[in-house]
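Enquirer: missing the sequence, but the structure's below:
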């Protein structure tokens, strides 16, 4: 017998199995400590097994003390039975209403006529054209009839139709440049000529026979020269033939066997009827590979027939960069490969930004990289832009010039954000952002004026004004798009 059972033994259950002396000891021990009382009984039981004088204590029934049911359980059961009762009552009421509706249905002949007085005979014979009616002098009553109600027919289950597919219907802007013959075609129609300003809405194919062509809308720009063709398959833009320069963000494309989505991408595609090539200069392409999507980062070539990729060479990258600029006129270009095309303030090193050639980095103790005052760099024109490759630990750079005035010069500057630190990246900005003066209220960009004394350096970090940043530059250009 275990210890827990001995603790629950009542005195009257032990009294018949212990002698008077042991019973008194048990009572005293039980009053002091239940552990001691159980020990007294176990000693007596052991002695009885050896001497045979007393029978061992056994077959003693102990009752489990009642447990208190938690209030949470009581409340939960009450809520359950209340909800269950409400549902059962609702089902019963629904069944009753349905049975009353069937009894009052015209098809069962049990519809009550509330316009005639109760228990009044019919005013005339029944109309035989409408079928047999109630017999004459038969009082109308609300008592149920012995006629079996006609069961409602079981209607077949019809699932809800699928919602119509959501189409984006992105508006297609018009032709922006067209120098040559450009044709368009709508579904089921013949080819017709397009000119600058014509809308491309509803057109599924565009073919350029010769000359230059440019088309743009929000998030998409397509340019090309010579002969090429593209179109739409729903909302997906399809390249069919020819070489095109594309800038796109969030647009779906297809060409031959390849489908992809462009994310802030700039690429050149040379499509063919059975294959072609795609050169990704910047951004990301998400290539559809069945049940998976494969990302393709910038600086790679993609074969549209094999879907195999390889990195772009430095010469390919440089040529594609100029092609993506489109037609342009160069005002200044330093490629760091000769004395005429390299700033004299800085230190030449190799390799350059694209892994070949040279670049220039700032010398220790100098404020930046550039040319000395008095050396004219270029003459300003409307729409000019500044661009270059840069590698620096600073988050912004400052470009400075001197604009020559009739009575002297004016120092102008502008800040350009660097998207990534400590790696080669391309930065670009319009030169109309140049400003002058303490509050930058003086005009900094004056077309027709000569600009000299170029200097580029890291901008002061407000959080760490004494921090010194490394700086290297390559392929500096000032150009005007045509």
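Expert: Right, received. Where do you want to start? Quick caveat, the model's predicted, so the values are computed rather than measured.
Enquirer: from here on, contacts and neighbour counts on C-alpha atoms
Expert: OK.
Enquirer: what's the distance between the spatially most central residue of the chain and residue 265?
Expert: With distances taken as CA atoms, centre = their mean, the residue of the chain nearest its centroid is residue 250 (11.8 Å). Distance of residue 250 to residue 265, given as CA to CA, to the nearest Å: 9 Å.
Enquirer: low-confidence ranges in this protein?
Expert: 1-18, 34-36, 39-41, 43-69, 99-170 (pLDDT under 70).
Enquirer: now do 80
Expert: Low-confidence segments of the chain (pLDDT under 80): 1-74, 84, 90, 92-171, 437-440, 462-466.
Enquirer: so the residue nearest to the centre of the chain sits right up against residue 264, yeah?
Expert: Yes - between residue 250 and residue 264 there is a contact under CA atoms under 8 Å: 7.2 Å.
Enquirer: what ranges do the strands span in the stretch 301-450 of the chain?
Expert: Along the stretch 301-450 of the chain, counting by DSSP state E, counting those that start in this stretch, strands occupy 309-311, 328-334, 347-349, 359-361, 369-370, 376-379, 384-392, 396-405, 408-417, 425-430, 435-436, 442-443, 450-458.
Enquirer: I'd like those laid out as a markdown table, including distance to residue 80 and mean neighbour count.
Expert: Output for the strands of the stretch 301-450 of the chain, formatted as a markdown table (distance: least, CA to CA, whole Å; neighbours: other CA atoms under 10 Å):
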| stretch | distance to residue 80 | mean neighbour count |
| --- | --- | --- |
| strand 309-311 | 64 | 14 |
| strand 328-334 | 79 | 15 |
| strand 347-349 | 82 | 16 |
| strand 359-361 | 78 | 24 |
| strand 369-370 | 80 | 23 |
| strand 376-379 | 86 | 17 |
| strand 384-392 | 69 | 20 |
| strand 396-405 | 66 | 20 |
| strand 408-417 | 64 | 17 |
| strand 425-430 | 67 | 16 |
| strand 435-436 | 76 | 19 |
| strand 442-443 | 79 | 14 |
| strand 450-458 | 72 | 22 |
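Enquirer: tabulate the ones you listed (CSV), appending distance to residue 269.
Expert: CSV is the format used below for the strands of the stretch 301-450 of the chain (distance: least, CA to CA, whole Å):
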stretch, distance to residue 269
strand 309-311, 14
strand 328-334, 20
strand 347-349, 34
strand 359-361, 30
strand 369-370, 36
strand 376-379, 34
strand 384-392, 24
strand 396-405, 33
strand 408-417, 30
strand 425-430, 21
strand 435-436, 39
strand 442-443, 41
strand 450-458, 35
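Enquirer: closest to residue 210 out of those?
Expert: strand 328-334 (19.6 Å; CA to CA).
Enquirer: for the closest one, enumerate the helices and strands it packs against.
Expert: For strand 328-334, the elements it packs on are strand 376-379, strand 471-481, judged by 3 or more CA pairs under 8 Å, 6 or more residues apart in numbering; DSSP states H and E.
Enquirer: for this structure, longest helix please?
Expert: Looking across the chain with DSSP state H, the single longest helix is helix 71-103.
Enquirer: immediately after that helix, which helix or strand?
Expert: As assigned by DSSP states H and E, the chain's next helix or strand after helix 71-103 is strand 175-179.
Enquirer: what comes up buried for that following strand?
Expert: 175-178 (16 or more other CA atoms under 10 Å).
Enquirer: which of those residues sits closest to residue 477?
Expert: residue 177 (24.9 Å).
Enquirer: how near is the closest one to residue 198?
Expert: Applying CA to CA to residue 177 and residue 198 gives a distance of 10 Å.
Enquirer: now do residue 181
Expert: From residue 181 to residue 198 the distance is 13 Å (CA to CA).
Enquirer: also residue 346?
Expert: 51 Å.
Enquirer: those two - which one has more neighbours?
Expert: Comparing residue 346 with residue 198 by other CA atoms under 10 Å, the one with more neighbours is residue 346, at 22 against 12.
Enquirer: residue contacts, the more buried one?
Expert: 360-363, 368-370 (CA atoms under 8 Å, 6 or more residues apart in numbering).
Enquirer: next: residue 301.
Expert: 277-280, 309-312.
Enquirer: 7 Å instead?
Expert: Neighbouring residues of residue 301 by CA atoms under 7 Å, 6 or more residues apart in numbering: 278-280, 309-312.
Enquirer: report the two of those separated the most.
Expert: 278 and 311 (11.7 Å).
Enquirer: quick one: buried residues of stretch 467-482?
Expert: Across stretch 467-482, burial judged by 16+ other CA under 10 Å covers 469-480.
Enquirer: I meant to write stretch 251-262 there.
Expert: Applying 16+ other CA under 10 Å to stretch 251-262 flags 251-256, 258-262 as buried.
Enquirer: any idea what the nearest residue to residue 456 once chain neighbours are set aside is bridged to?
Expert: Distances taken as CA to CA, 6 or more residues apart in numbering place residue 399 nearest to residue 456, at 4.5 Å, with adjacent residues excluded. With DSSP bridges as the criterion, residue 399 is bridged to residue 414, residue 456.
Enquirer: residue 399 against residue 455, yeah?
Expert: Yes - counting by CA atoms under 7 Å, residue 455 is a contact partner of residue 399 at 5.8 Å.
Enquirer: isn't residue 311 right up against residue 300?
Expert: Yes - the criterion here is CA under 7 Å, and residue 311 meets it with residue 300 at 4.3 Å.
Enquirer: got any residues that touch both of these two?
Expert: With CA under 7 Å, 6+ apart, residue 311 and residue 300 have no common neighbours.
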